[in-house]
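Chemist: the sequence and its predicted three-dimensional model are supplied below.
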Amino acid sequence: MRPIGREHGGAFNRIVAEAFGYPPAAASLTGCAIGRPGWRHYLAYLEGTAIAGAAMFIAGEAAWFGFAGTAADWRGRGAQTALVVRRLRAAAAAGCRWVSVETAEQTPEREAPSFRNLRRLGFSVVYTRPNYLWTRPEES
């Protein structure tokens, strides 16, 4: 796993957009900040194939983790855990004292592997908030 630049944006966009279920037209939004100040993006590789991606934004002593996803065929192999640990180390090396992360909430109706991974790694829930999903109205 390693930090990436814009030259790897296509792989990052493809992996993260698929993981979040974004339509192809929105895929480029996931990595549009690659190479911008404060941002760090990572890809995890297995056998030379990019299988997972994650982003981090650093501002002062705080880091935010987001845009983390793993390609469907490669889930359950520890890529996201490794990416969280990699970003925690990078945040610490950058002098961060706080790290926040957002993920889907685990509920009885919906599994949330990312939520469970983060709790296992020591993150605690500070608050929950609703997420809104826009859907195109059906044409008559």
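Modeler: The structure has been received and is ready for your questions.
Chemist: surely R77 and L46 touch.
Modeler: Yes: if you go by CB atoms under 8 Å, R77 and L46 touch, sitting 7.0 Å apart. (Glycine included, C-beta is placed from N, CA and C.)
Chemist: for the protein, what spans make up the strands?
Modeler: Counting by DSSP state E, residue ranges of the strands within the chain are 2-4, 39-46, 49-59, 62-70, 98-101.
Chemist: any idea of the mean pLDDT for the fourth one?
Modeler: Averaging pLDDT along strand 62-70 yields 96.
Chemist: who touches the closest residue to A72 other than its chain neighbours in this structure?
Modeler: Once flanking residues are discounted, A72 sits nearest to E18: 6.8 Å by CB to CB, 6 or more residues apart in numbering. E18 sits next to 69, 71-72 when contact means CB atoms under 8 Å, 6 or more residues apart in numbering.
Chemist: C96 contacts W64, doesn't it?
Modeler: No: C96 is not in contact with W64 according to CB under 8 Å; the separation is 9.8 Å.
Chemist: in the chain, which residue is closest to the centre?
Modeler: In the chain, the centroid-proximal residue (CA atoms, centre = their mean) is A68; its distance is 1.5 Å.
Chemist: longest helix anywhere in the protein?
Modeler: Determined from DSSP state H, the single longest helix within the chain is helix 79-93.
Chemist: ok, residues contacting it?
Modeler: The contact list for helix 79-93 (CB under 8 Å, 6+ apart) reads 1, 3, 40, 42, 44, 46, 51-54, 56, 58, 63, 65, 68, 70, 99, 101, 113-114, 117-118, 121.
Chemist: nice, that's everything, thank you.
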